[in-house]
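**Q** Here is my input; please provide its structure:
(one chain, ligands or ions: 2)
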Amino acid sequence: MDIRFLGVHNCESKETKCISLLIDDTLAIDAGGLTSSLTFEAQHKLKALLLTHHHYDHIKDIPALAMNLFLSGGTITIYSTAPVFEAVSSYLLDGKLYPKFMETPPAKPTVSFTIIEPHQVVLIDGYKVLAIPVEHATPTVGYQITSPEGKSLFYTGDTGPGLDECWQYLSPQLLITEVTAPNKYEDFARESGHLTPSLLGQELAKFREIKGYLPQTVLVHMNPRVEKEIAAELSAVAASLGSEITLAYEGMQISL
Ligand SMILES: [Zn+2]
Ligand SMILES: [Zn+2]
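**A** Numbering: from 1, shown residues only. Ligands and ions are numbered 1, 2, ... in the order given. Have a look, this model is predicted:
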């Protein structure tokens, strides 16, 4: 399984992109940095887009992707939970700002949605996909993706602390989770459902307690303005856990 980190930040600029991950060139997760990272051909190859939640930094490229696919006769299936479908279909694909891609073209609409239920495995293009709720300001799920060869990752999406229950359902080889702000913003992180290095350390310690191991851990969703501070604090967390923790960057690739 080949994982490409297309966008790994919570704010977009010339140097940073919002969240998008790509698995084996066919399965995308979140659409914060999708169209600006992929050629038209690569966009056409996408089979599915999984959404963790409906915050703008995770969905903003959906209309642009839909237009590109529409113009090349392509289609995409978006997978999400019901609340995310409600928000995206009501505010982003409702036809007010851009064409109604869920009905256009009528014979073969560009965008179709499949609603998934948390805790139920669905098969998407040969991958087993399991959605597990996490702790965030809006309904959010993380995804465990298991390849046909049995390799697996779990991406939490945006989450705050309190993942004990979530960990019980998972056994990934690779954990992709978030760290948005440095330790001094812990109150903000708790209120808005995000992690700091210190909060992440506590969640990882609980993971190890429950599962008996720690997977390779890669972090996304950093606020670019305080990324150096986050990196320094993460080194201390990694040292105290005796574990490897990596900050992702745009263009990073991991093969499992
Ligand atoms: Zn969010
Ligand atoms: Zn976000």
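
**Q** How about the secondary structure of the closest residue to ligand 1 within the stretch 151-256 of the chain?
**A** Nearest residue of the stretch 151-256 of the chain to ligand 1: residue 158, at 3.6 Å (C-beta to the ion). C-betas here are computed from N, CA, C, even on glycine. Here residue 158 is coil, with the state taken from DSSP: H, G, I helix; E, B strand; the rest coil.

**Q** so what's it closest to, chain neighbours aside?
**A** residue 136 (4.8 Å; C-beta to C-beta, 6 or more residues apart in numbering).

**Q** would you say that neighbour is within a strand?
**A** No. Assessed with three-state DSSP, residue 136 is coil; it does not lie in a strand.

**Q** From residue 234, how far out is it?
**A** 21 Å (C-beta to C-beta, to the nearest Å).

**Q** How about residue 160?
**A** For residue 160, the distance to residue 234 equals 17 Å [C-beta to C-beta].

**Q** Show me which residues of the stretch 51-200 of the chain are close to ligand 2?
**A** Within the stretch 51-200 of the chain, the positions adjacent to ligand 2 are 55, 57, 158 by C-beta under 5 Å from the ion.

**Q** what would these look like in a markdown table with neighbour count and pLDDT?
**A** Formatted as a markdown table, those follow (neighbours: other C-beta atoms under 10 Å; pLDDT from 0 to 100):
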| residue | neighbour count | pLDDT |
| --- | --- | --- |
| 55 | 22 | 98 |
| 57 | 20 | 98 |
| 158 | 28 | 98 |
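
**Q** Residue 225: which of these is nearest?
**A** Ranked by distance to residue 225 (C-beta to C-beta), these are led by residue 57 at 14.7 Å.

**Q** Make sure the closest one is actually in contact with residue 33.
**A** No. When contacts are counted by C-beta atoms under 8 Å, residue 57 is not listed as touching residue 33 (9.0 Å).

**Q** beta partners of the residue nearest to residue 21 when sequence neighbours are not counted?
**A** Nearest residue to residue 21 in three dimensions, chain neighbours excluded: residue 29, at 4.4 Å (C-beta to C-beta, 6+ apart). Bridge pairing for residue 29 (DSSP bridges) gives the partners residue 21, residue 50.

**Q** any idea how far residue 49 is from residue 29?
**A** For residue 29, the distance to residue 49 (C-beta to C-beta) stands at 8 Å.

**Q** Give me the more crowded residue out of those two.
**A** Neighbours around residue 29 and residue 49, counted as other C-beta atoms under 10 Å, are more numerous at residue 29. The numbers are 27 against 23.

**Q** From what I see, the more buried one and residue 23 are in contact.
**A** Yes. The pair residue 29 / residue 23 is scored as a contact, 7.3 Å apart, by C-beta under 8 Å.

**Q** So for these two, which residues contact both of them?
**A** residue 145 (C-beta atoms under 8 Å, 6 or more residues apart in numbering).

**Q** quick one, helices of the protein?
**A** Secondary structure of the chain (DSSP state H): helices located at 40-45, 56-59, 62-71, 82-91, 164-168, 186-192, 197-211, 227-241.

**Q** Could you identify which of those helices is most buried?
**A** Most buried of the helices of the chain by mean neighbour count (mean count of other C-beta atoms under 10 Å) is helix 56-59; its value is a mean of 21.

**Q** Any part of it near ligand 1?
**A** No. Using C-beta under 5 Å from the ion, helix 56-59 stays clear of ligand 1, with a minimum separation of 6.4 Å.

**Q** Give me the contacts around that helix.
**A** With contact meaning C-beta under 8 Å, 6+ apart, helix 56-59 is reached by 10-12, 18-19, 30-32, 51-52, 88, 92, 157-158.

**Q** Give me the buried subset of these.
**A** Buried members of those, scored by 16 or more other C-beta atoms under 10 Å, are 10, 12, 18-19, 30-32, 51-52, 88, 92, 157-158.
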